[in-house]
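Asker: quick one, what's the 3D model for this:
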Amino acid sequence: MASKYHGTLYIGYTTDLLARVNAHKNDLVDGFTKRYGTHLLVHYEICESKEGALWREKALKVWHRTWKIRLIEETNPEWKDLYDDLTK
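Answerer: Predicted structure coming up:
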């Protein structure tokens with residue numbers, strides 16, 4: 001999740017992507033995303049298991065910011081909000 005193009009980034013994992021993103025977009029969850037307005041889904045990955053998703057989340061959280069931006073821009077160079085595509 002991002003606040004804007006090259007803005008504040010939030011990384012998390014979930015078992016229900018649509019519900020989690022909806023909650024963040026509508027500030028239903030107190031915390032980081034509400035405080036920093038990270039409402040744009042700019043990147044997501046599908047994992048085979050919860051354990052794999054948790055491992056990936058922890059790995060990404062320690063990445064340098066430039067690496068995270070490069071990862072986003074490999075598939076979403078315009079930082080388009082991908083949530084709309086998932087709900088169609």
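Asker: pretty sure residue 43 sits against residue 79.
Answerer: No: the pair residue 43 / residue 79 is not scored as a contact, 9.1 Å apart, by C-beta atoms under 8 Å. Using the backbone N, CA and C atoms, a C-beta is placed for each residue, glycine as well.
Asker: so between those two, which is more surrounded?
Answerer: Between residue 43 and residue 79, counted using other C-beta atoms under 10 Å, the more crowded position is residue 43 (20 against 17).
Asker: for the more buried one, give me its contacts.
Answerer: Contact analysis of residue 43 by C-beta atoms under 8 Å, 6 or more residues apart in numbering lists 71-72, 75-76, 82.
Asker: ok, residue 79 next?
Answerer: Neighbours of residue 79 in contact, by C-beta under 8 Å, 6+ apart: 2, 4-6, 40, 42, 72-73.
Asker: how about residue 45: what's its closest non-neighbour residue?
Answerer: Closest residue to residue 45 apart from its sequence neighbours, by C-beta to C-beta, 6 or more residues apart in numbering: residue 56 at 6.5 Å.
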